[in-house]
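Undergrad: sequence? don't have it. structure:
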């Protein structure tokens, strides 16, 4: 929520809590929100177990302080409580909390929709015989960097160990405590866990985690990420109902001209007051829909100029943009507001080269801090100066590796021009089924220039 006046802040936060949401740990040097797949798939033991594990981890690392309640939710003249007051003792964070924010996520190999390798600590479920036998533990991801400080860098997580489900929370706590006690505190730009791992090396980091855990840890399981699903369009929910993924361009629910997504959402939720979930690719999911509602829901979307998933290119469905101007104080140039125009120009070039049906993920941010995860997709655009971007290539939609810097200080209007010859080489030289990012990674920067 942008533009909240200081005098309205307490009422705003209280209203969020009364709606059964919370802003606790949304900021500060603690474990932030814990990410898991938002698809509401029912009667699926794997999904249910993974969601339960995500909830258990989120609850375990939730700050215990009662200060949040005291400051934002307590009514001084009554005994009314929105949340129970808890003991202020912090068994995990201690008196110093963490050196920096800390993010976690959990995913399935075939559906890394939460970009598990970009988290400070990721968990990849390993499935054998139709059940989760454990998790590969992936520490040390993080997208932020400061170009003026050359020692900063984006990173994807390392494959540390394999852990059975009943040990996962204890191992996660050991990792968080190692970061608490040894993470950098002298310079906040170097305080994320990725820098501790870079400085120590994975072997020393693992040995220290073992000390905190109290036992040796095995090598990771061979399982790794194989795919990602944006969950857009209609899907069977597993209980006789459906869920519908609606693409939200750049994360902004708005009305603009004939495109009236904001009004469409209001109409849909007034008529069908169902649960709504958000995705890490800036989409939204309407849950628990009766099959008989499908025709009318599609009609409402069409009447408001909102395209269905099958009418969107995969490039648009897998695109991400950060807010940037005018709401982010860190932005050095545009992102969210210009991304539709940038995507249209990229789509036009893909269409011209008969590549429009291919999936090629593009992420854009208005500065190098990387909140839109621009360093891991097929193409990344990172704001460098007003109207100019650094172009990264060679990542993947699956988010398993870093892209390389291909071109710098690219004016916005020249982005499709700079990509056009690379698209042409991809079309002419790619191997069977090879994605744009995989092709760029295989041949390397020199072969593309």
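TA: Happy to help now that I have it. It should be emphasised that the depicted structure is a prediction, and the values quoted were computed from it without experimental measurement.

Undergrad: Beta-bridge partners for residue 234, please?
TA: With beta bridges defined as DSSP bridges, residue 234 has these partners: residue 244.

Undergrad: Number the residues from 17 up from this point.
TA: Understood, numbering begins at 17; the last thing we discussed is residue 250.

Undergrad: That one against residue 310, yeah?
TA: Yes - judged on CB atoms under 8 Å, residue 250 makes contact with residue 310 at a distance of 6.8 Å. For the C-beta atoms, the positions are set from N, CA and C on the backbone; glycine is no exception.

Undergrad: So the two - more neighbours on which side?
TA: For the pair residue 250 and residue 310, the greater number of neighbours falls to residue 250 (17 against 13), based on other CB atoms under 10 Å.

Undergrad: Which residues are in contact with that one?
TA: Contact analysis of residue 250 by CB atoms under 8 Å, 6 or more residues apart in numbering lists 258-260, 310, 325.

Undergrad: Let me have those residues in JSON lines, extended by distance to residue 109.
TA: Below are the contacts of residue 250 laid out as JSON lines (distance: CB to CB, whole Å):
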{"residue": "258", "distance to residue 109": "42"}
{"residue": "259", "distance to residue 109": "36"}
{"residue": "260", "distance to residue 109": "39"}
{"residue": "310", "distance to residue 109": "47"}
{"residue": "325", "distance to residue 109": "41"}
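
Undergrad: Could you write me a PyMOL select line covering just the buried ones among these?
TA: In PyMOL, this line selects whichever of these come out buried by 16 or more other CB atoms under 10 Å:
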select buried, resi 258+259+260+325
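
Undergrad: burial count for residue 91?
TA: As a burial measure, residue 91 scores 10 neighbours (other CB under 10 Å).

Undergrad: Between the contacts of residue 250, which sits nearest residue 81?
TA: residue 259 (36.0 Å; CB to CB).

Undergrad: could you measure the closest one against residue 268, distance?
TA: From residue 259 over to residue 268 the distance is 22 Å, taken as CB to CB, to the nearest Å.

Undergrad: Over to residue 186?
TA: When CB to CB is the yardstick, residue 186 and residue 268 sit 41 Å from each other.

Undergrad: which other residues reach stretch 356-374?
TA: With contacts defined as CB under 8 Å, 6+ apart, stretch 356-374 is touched by 265-266, 329-332, 335, 376, 378, 380, 397, 428, 431-432, 435-436, 439-440, 442-443, 451-452.

Undergrad: So which of these belong to strands?
TA: Among these, the subset assigned to strands under DSSP state E consists of 378, 380, 397.

Undergrad: Please indicate which of those residues has the highest neighbour count?
TA: Taking other CB under 10 Å as the neighbour criterion, residue 380 ranks highest of those with 29 neighbours.

Undergrad: Tally up the residues packed near residue 454, please.
TA: Neighbourhood size, residue 454 [other CB under 10 Å]: 20.

Undergrad: and what of residue 171?
TA: A count of nearby residues for residue 171, using other CB under 10 Å, gives 23.

Undergrad: Contact partners for the residue nearest to it when sequence neighbours are not counted?
TA: On the basis of CB to CB, 6 or more residues apart in numbering, the spatially nearest residue to residue 171 that is not a chain neighbour turns out to be residue 210, at 4.1 Å. For residue 210, the set of contacting residues under the criterion of CB under 8 Å, 6+ apart consists of 136, 156-158, 169, 171.
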